[in-house]
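Visitor: Below are the sequence and a predicted model; questions follow.
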Amino acid sequence: MAETTNTPVTVLGLGAMGQALAATLLKGGHPTTVWNRTPGKDTDLGAAGAVSTPSVAEAVQAGGPIIVVLFDHASVHTTLDPVVDELSGRQVINLTSTAPNEARELATWAAEHGIDYLDGGIMAIPPMIGQPGASILYSGSEAIFNEHRTALELLAAAEYFGDDAGRASTYDFALLANMYAMFGGFMHGAAMMRSVGVSASAFAERAAAWVTAMAQMFPAYGELIDSGDYTQPIQSLAFHKAALDAINRASRDAGVATDFVAPIKNLIDRQIADGNGALEFARTIEELI
Ligand code: FVH
């Protein structure tokens, strides 16, 4: 069924993200009903035309898809379990960050109760919602995705990854793991620069440019990893061991703890101990699986 901007939408959860999503749906012309556990987070949305309800049961009566954007997997069950009968035959789009198996559990729970379920991983922070650069990754019910794609695209670029409800979340968490390693590297670098009187702000621009340039290596690493042949290294494990050992010494001299870089050094050291020093650095992935 093709969607119109008149399609009503319910948003459960008015944290920073829920408020951003609801405000964008309202702006896009969707009659929007909102609910939050703690009252008082609906003031701006109410002024913008949202209908705020005191109970989840009333919120879901509004019709249309129900977007859930709560703290975690447990809070989704706490919120939806009491209204499970009212949800039968309805469409739930869960944008709460849940681990892949938690998303799959919710999809199974939904199916057992006659609820159509789409899971989503938000790759954006609240101010990015409705702006270029934001994306939301979906998996689970293709019917929900297709029917409401226009509304979903209002929020962020929308991409569908198949009927395994845990797949979008796997992408989400894989990308977040990438992000946290990158942020950790920045903290370490900024701590080193502080030892020579350079501010983190001054370091930030240079670090961003460097990380952007180095990210160009991902496709080459991807090809190597997929081939499973590490015998023609771009740079060997022995090369990277020398670099990590030097970073360790430099950090120690600067009085900087090595907590962020130690895990990667440990992985390389283990590979070297196994006699793989001449092989490609990307072989470290084989230590993880
Ligand atoms: N904010 C962000 O940058 C990230 C970006 C990527 C995706 N995440 C995920 O989105 C979910 C919601 O995030 P949020 O930013 O809205 O989070 P908070 O502002 O902390 O709001 C949390 C809402 O959850 C409600 N809540 C918490 N526990 C319960 C519960 N047991 N029962 C019912 N509701 C609950 C909370 O209500 P209240 O504390 O105001 O009563 C808020 O509405 C999240 O999964 C992120 O990982 C955002």
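Guide: Received, thanks.

Visitor: ok, then the element right after whichever strand or helix holds Leu176?
Guide: For Leu176, the element it lies in under DSSP states H and E is helix 167-194. Next along the chain after helix 167-194, taking DSSP H and E as the criterion, comes helix 200-214.

Visitor: re the thing from before, for the helix holding Leu176, packing partners?
Guide: helix 100-112, strand 116-123, strand 135-140, helix 200-214, helix 237-254 (3 or more CB pairs under 8 Å, 6 or more residues apart in numbering; DSSP states H and E). In this view, the C-beta of every residue, glycine as well, is placed from N, C-alpha and C.

Visitor: got the angle for it vs helix 100-112?
Guide: Taking axes from the mean of the first three to the mean of the last three CA atoms, to 10 degrees, helix 167-194 and helix 100-112 form an angle of 150 degrees between their directions.

Visitor: and the angle for helix 167-194 with strand 116-123?
Guide: Relative orientation of helix 167-194 versus strand 116-123 (the same axes, to 10 degrees): 20 degrees.

Visitor: how about helix 167-194: buried residues?
Guide: 167-173, 185-186, 188-193 (16 or more other CB atoms under 10 Å).

Visitor: Please identify the deepest-packed of the helices and strands packed on helix 167-194.
Guide: Each of the helices and strands packed on helix 167-194 was scored by mean neighbour count; the highest is strand 116-123, a mean of 25, by mean count of other CB atoms under 10 Å.

Visitor: Just the CA coordinates for that one, please, in CSV.
Guide: C-alpha atoms of strand 116-123 as CSV (Å, rounded to 0.1, in the frame of the first residue of the first chain):
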residue,chain,number,x,y,z
ASP,A,116,4.6,-7.1,12.1
TYR,A,117,8.1,-6.1,13.2
LEU,A,118,10.8,-4.0,11.6
ASP,A,119,14.1,-3.3,13.4
GLY,A,120,16.3,-0.3,12.7
GLY,A,121,19.7,1.0,13.7
ILE,A,122,20.1,4.7,13.7
MET,A,123,23.4,5.9,12.3
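
Visitor: Packing partners of that strand?
Guide: Using 3+ CB pairs under 8 Å, 6+ apart, the elements in contact with strand 116-123 are strand 91-94, helix 100-112, strand 135-140, helix 142-147, helix 167-194.

Visitor: picking up where we left off before, quick check, nearest of the buried residues of helix 167-194 to the ligand?
Guide: Among these, Asp172 lies closest to the ligand (CB to the nearest ligand atom), at 8.0 Å.

Visitor: how close does His148 sit to Leu25?
Guide: 11 Å (CB to CB, to the nearest Å).

Visitor: Any idea which of the helices and strands packed on helix 167-194 gets closest to the ligand?
Guide: That would be strand 116-123 among the helices and strands packed on helix 167-194, by CB to the nearest ligand atom, at 3.9 Å.

Visitor: Paired strands for the closest one, with orientation please.
Guide: Here strand 116-123 is paired, per DSSP bridges, with strand 91-94 (parallel), strand 135-140 (antiparallel).

Visitor: how about JSON lines for the helices and strands packed on helix 167-194, with distance to Thr284 added?
Guide: Shown next, in JSON lines, are those (distance: least, CB to CB, whole Å):
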{"stretch": "helix 100-112", "distance to Thr284": "23"}
{"stretch": "strand 116-123", "distance to Thr284": "25"}
{"stretch": "strand 135-140", "distance to Thr284": "26"}
{"stretch": "helix 200-214", "distance to Thr284": "16"}
{"stretch": "helix 237-254", "distance to Thr284": "8"}
